[in-house]
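Undergrad: below: sequence and its predicted model.
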Amino acid sequence: MQADAMPELPDIAAYISALEPRLVGKKLEQVRIASPFLLRTVQPPLASAEGRPVRELRRIGKRIATGLEGDLWLVLHLMIAGRLHWRPPGVKLGGRNNLAAFDFADGSLLLTEAGTKRRASLHVVSGEEGLHAMDPGGIEVFEADLGSFRAALMAENRTLKRALTDPRIVSGIGNAYSDEILHAARLSPIKLTHKLEDEEWERLFTATRETLQLWIERLKAEAQMGFPEKVTAFRKDMAVHGRYGQSCPRCGETIQRIRYADNETNYCAKCQTEGRVLADRSLSRLLGKDWPRTLDELESMTRRACEDGAQIASSTMQGRKP
Ligand SMILES: [Zn+2]
């Protein structure tokens, strides 16, 4: 099992659907902070949030924004290891992983972060303007049409994987759901956006919406049963993500991977790359470089190789086993 991963749009939607009935209309009595790294803003002061009722919750990219009376917003980014929990009121903040508690009369929203790195962040901002400044600016898939989706992804010539996961291009999608979307669309993760045909754009747009919608519904239904305590990028019903070496649910072939330093992209060669395995070694040999450490490196290497007219992947699935 890979390391844990950042909650994406369906996870955040599930958190919000669980938080709404617990928080909206309730007074935020107190905020207790255990980690000095969490709060990233000074003005407005965090204390000014106390005593105000919650008016609404919103997703801003991969962040959860809690709107309080007076247009004051608490904007939380869970990053990779941050998670939320609903606990009895006044829950103790002891323990290394507990970063903060947001106290309400009926319960406390506890923020934890596993591991030693402190990446989760809390911003206190005022008004729509302050909220807007927290938005990386990617398009909202459910507000976009095919034309605006295509224009956003084509603004730069990126690999599909990178374009989908760049928060400045598309809002809320990360490593897990981009794998699922590209599998549903039957498109290669390293195909460049400027190379896509009309019909492929339609497939990608439809797959993006349908995949996210499916998972939003699934995770919201789970959140109805109880507060989402087990938020993970690896779900047993996923088609390819986190399923390296297992069978593709559509065609039965073995799921492949492209590895980076601390992450990987999963795909089905038969469904997505015309049977070509984007194998670690063959790709790096072809590109004449070390295997990329990040998606950005992979992308610049891919682009260079395409410009040179090179074949991206040489090996075929025949006789290959992961
Ligand atoms: Zn397949």
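TA: Structure's in. What do you need? Residues are numbered from 1 along each chain as shown.
Undergrad: list the contacts of the residue lying closest to Ala133 once chain neighbours are set aside.
TA: For Ala133, ignoring the flanking residues on the chain, the nearest one in space by Cβ to Cβ, 6 or more residues apart in numbering is Val125 at 6.9 Å. Every residue, glycine included, has its C-beta placed from N, CA and C. Residues near Val125 by Cβ atoms under 8 Å, 6 or more residues apart in numbering: 41, 44, 72-73, 75, 131, 133-134.
Undergrad: between the two ends of stretch 126-135, how far is it?
TA: One end of stretch 126-135 sits 14 Å from the other (Cα to Cα, to the nearest Å).
Undergrad: now do the buried residues in it.
TA: By neighbour count with 16 or more other Cβ atoms under 10 Å, stretch 126-135 contains the buried residues 130-131, 134-135.
Undergrad: ditto for stretch 168-176
TA: 169-176.
Undergrad: shouldn't Gly138 be in contact with Gly61?
TA: Yes - look at Gly138 against Gly61 with Cβ atoms under 8 Å: they come within range, at 6.7 Å.
Undergrad: interface residues of the chain facing the ion?
TA: Contacts of the chain with the ion, taken as Cβ under 5 Å from the ion, map to 248, 250-251, 268, 270-271.
Undergrad: now with 8 Å, please.
TA: By Cβ under 8 Å from the ion, the residues of the chain that approach the ion are 183, 248-253, 255, 268-272.
Undergrad: how close does the nearest residue to Gly172 once chain neighbours are set aside sit to Ser108?
TA: Distance criterion Cβ to Cβ, 6+ apart; nearest residue to Gly172, sequence neighbours excluded, is Leu9 at 3.2 Å. Distance, Leu9 to Ser108, using Cβ to Cβ, to the nearest Å: 26 Å.
Undergrad: next one: Ala269
TA: Counting by Cβ to Cβ, the gap from Ala269 to Ser108 is 48 Å.
Undergrad: please apply the same query to Arg32.
TA: Note on Arg32: its distance to Ser108, by Cβ to Cβ, is 8 Å.
Undergrad: still on that earlier bit, higher neighbour count, Ala269 and Ser108?
TA: Neighbour tally, Ala269 and Ser108, criterion other Cβ atoms under 10 Å: the higher count belongs to Ala269, 24 against 21.
Undergrad: got a list of what the closest residue to the ion within the stretch 51-200 of the chain touches?
TA: Nearest to the ion in the stretch 51-200 of the chain, going by Cβ to the ion, is His183, at a distance of 7.4 Å. Neighbouring residues of His183 by Cβ under 8 Å, 6+ apart: 239-240, 248, 250, 267-268, 271-272.
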